[in-house]
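J.: need the 3D shape of this:
(one chain, ligands or ions: 2)
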Amino acid sequence: MSIKVLPAKSLYVENSIPAFSREEPFANLLMDLQTKGWSIQDDFFSTDFTQALMDEAESIQNAVMLQAGIGRKKDHQIVLDARRDYIQWIDPDKPIRTDFLKMMAEFRVALNRHLFLGLFDYEAHFARYEEGAFYEKHIDAFKGESNRILSTVLYLNEDWQNSDGGELIVYDEHDPAIEVGRFFPKKGRLAVFLSECFYHEVMVAKRTRHSIAGWFRVNNTTGSALDPEQ
Ligand SMILES: O=C(O)CCC(=O)C(=O)O
Ligand SMILES: [Fe+2]
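T.: Ligands and ions are numbered 1, 2, ... in the order given. Purely as a prediction, here's the structure:
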């Protein structure tokens, strides 16, 4: 499999597109998606790029973030028993945000090229779990009801210890009672999984936990309905 790799930048420069930092995590991710439908890769992007995203995540005030609800943007509702993070959707309104979206667009094209997924776009938000926050076991998309195909979570936390909790638990595709993996939200780690196939859960975080959660989507526009709704 041949993958175009751009050289890692030594310093993050605004407006630059720091592509995949190394070939290996991308190749491993493709292999994992093909064989098991989910993947966890460390150091997916360059250190400087990940740091710039963390700086941005930390700079957002809680007051301007939304209490996350269950479901899609349009049917936003707050269910505190199920989920307790703060989110802010990412628009291309600042250089680092623009670069992140460009980066994920590049990633999308590469995934389409290698796995023929037909991914059409990507939506993402910063997520902040304050101490005590969690997200109970859920699935990001129900078969046939959503255009979310592939979920991504990029973790941004420096020096995360196992005792800080907040781990992502991934459950078996065929038997969601079985845990197949538990992953701490370490800086630079990227989790990717098929949105309709894997139940997952975020355990209680014992300190503030930063991440960017996102979804690659297909376009479900049909003759009678525009997607997204206008
Ligand atoms: O932050 C994580 O580890 C997972 C977040 C998640 O499941 C979601 O936002 O849908
Ligand atoms: Fe999720």
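J.: double-check His200 against Lys137; I have them as touching.
T.: Yes - assessed by C-beta atoms under 8 Å, His200 is found in contact with Lys137 at 7.1 Å. Backbone N, C-alpha and C define where each C-beta goes, glycine included.
J.: anything in contact with each of these two?
T.: Ile169, Tyr171 (C-beta atoms under 8 Å, 6 or more residues apart in numbering).
J.: helix, strand, or coil at Phe45?
T.: Going by DSSP: H, G, I helix; E, B strand; the rest coil, the secondary structure assigned to Phe45 is coil.
J.: let me know the pLDDT of it.
T.: Phe45 carries a pLDDT value of 91.
J.: kindly report the same for Pro7.
T.: For Pro7, the model assigns a pLDDT of 48.
J.: what comes up buried for the longest helix anywhere in the chain?
T.: Taking DSSP state H as the criterion, the chain has its longest helix at helix 95-115. Within helix 95-115, the residues scored as buried using 16 or more other C-beta atoms under 10 Å are 96-104, 107-108, 110-111, 114.
J.: show me what stretch 114-126 is in contact with.
T.: 1, 30, 33-34, 56-57, 60, 65, 73, 87-90, 100-101, 104-105, 108, 111-112, 147, 149-150, 152, 210-219.
J.: filter these by proximity to ligand 1?
T.: Ser211, Ala213 (C-beta under 6 Å from any ligand atom).
J.: may I have the strands that pair with the helix or strand of the chain with the lowest mean pLDDT, each with its orientation?
T.: Least confident helix or strand, the chain: strand 66-67 with a mean of 81, by mean pLDDT, DSSP states H and E. Strand 66-67 sits in its sheet next to strand 85-89 (antiparallel), going by DSSP bridges.
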